[in-house]
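# Test case, fold it:
(one chain, ligands or ions: 1)
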Amino acid sequence: MSHGAAPAASRGPREWSHDQLAKIDVILAKYPTKQSAIMPVLWLAQDDFGWLDLDVMRLVARTLQIPPSHVHAVASFYTMFKKVPTGRYVIDVCQTLSCALVGAEAIIAHLERVLEPDAHGNSKDGLFTLHKVECLASCGSGPMMQVNEHFYEFLTPDSVDQIIHGLRSGNPLPTPRPEANEWQWAPRS
Ligand code: FES
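Predicted structure coming up:
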């Protein structure tokens, strides 16, 4: 999945590129009807356009020959579909009980200080989007956050700083290594 889309305004009616159309053909071949391919086509659109503005949703609707309201309903239901521009790195921090008991609140407060997110969670430099989310099924490894597709567990303010500083310096996402306690919150007995 690509995540190169910085926040940007809607740019009007959209069309698929030849490459995108070829990918859509491959997707449609796997489904009995065009309508049933809505999820992978939305993923493709989000990957390539960065987020799902109304023009992109209309394009998906035309492609699948379904009402735009149907596409909008599906995109709105699933939180992983972006309805507003996001930074290149989307940070989902778990705030649910197991993580809260081991310091999620302090990690969230630290991220808010470091990123200074606006009402949509976007950082001032446009590189990050911060979301507070419910359980990400890594309950024994909290506090934890997901950055794009990667989980970072046993977080501390210092380990968060390492990750954010590295990304701001242009480094790729570090490889999570929870088995090595690389992001461990505190020694566990
Ligand atoms: S409670 Fe945080 S991952 Fe489940």
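
# all contacts plus neighbour counts: C-alpha atoms, from now on.
Noted.

# low-confidence ranges in the protein?
1-12, 177-189 (pLDDT under 70).

# what do you get if the cut-off is 80, keeping everything else the same?
Residue ranges of the chain with pLDDT under 80: 1-13, 176-189.

# Do you have the helices of it handy? List them.
Ranges of helices in the chain, per DSSP state H, are 18-28, 38-49, 54-64, 68-77, 97-100, 104-115, 157-168.

# now for the first one, which elements pack on it?
Okay, so that is helix 18-28. Packing partners of helix 18-28 (3 or more CA pairs under 8 Å, 6 or more residues apart in numbering; DSSP states H and E): helix 38-49.

# Next: the third one.
Contact partners of helix 54-64 among helices and strands, from 3+ CA pairs under 8 Å, 6+ apart: helix 38-49, helix 68-77.

# before we move on, back to that, so can I have TSV of the helices of the chain showing mean neighbour count?
Shown next, in TSV, are those (neighbours: other CA atoms under 10 Å):
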stretch	mean neighbour count
helix 18-28	13
helix 38-49	19
helix 54-64	20
helix 68-77	15
helix 97-100	18
helix 104-115	18
helix 157-168	16
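
# Indicate which one of the helices and strands packed on helix 54-64 is closest to the ligand.
Among the helices and strands packed on helix 54-64, helix 68-77 comes nearest to the ligand, with 21.0 Å by CA to the nearest ligand atom.

# which strands and helices sit next to that closest one?
Helix 68-77 packs on helix 54-64, going by 3+ CA pairs under 8 Å, 6+ apart.

# Now tell me what touches the helix it packs on from outside.
10, 12-15, 34-35, 37-38, 41-42, 45, 49, 67-68, 70-72 (CA atoms under 8 Å, 6 or more residues apart in numbering).

# let's see it at 10 Å
Helix 54-64 has contacts (CA atoms under 10 Å, 6 or more residues apart in numbering) with 10-16, 21, 24, 28, 33-38, 41-42, 44-46, 49, 51-53, 65-72, 75, 83.

# How about residue 89: what's its closest non-neighbour residue?
residue 128 (4.8 Å; CA to CA, 6 or more residues apart in numbering).

# Please tell me how far the one you found sits from the ligand.
20 Å (CA to the nearest ligand atom, to the nearest Å).

# That residue touches residue 112, doesn't it?
No: judged on CA atoms under 10 Å, residue 128 makes no contact with residue 112 at a distance of 11.1 Å.

# All set, thanks.
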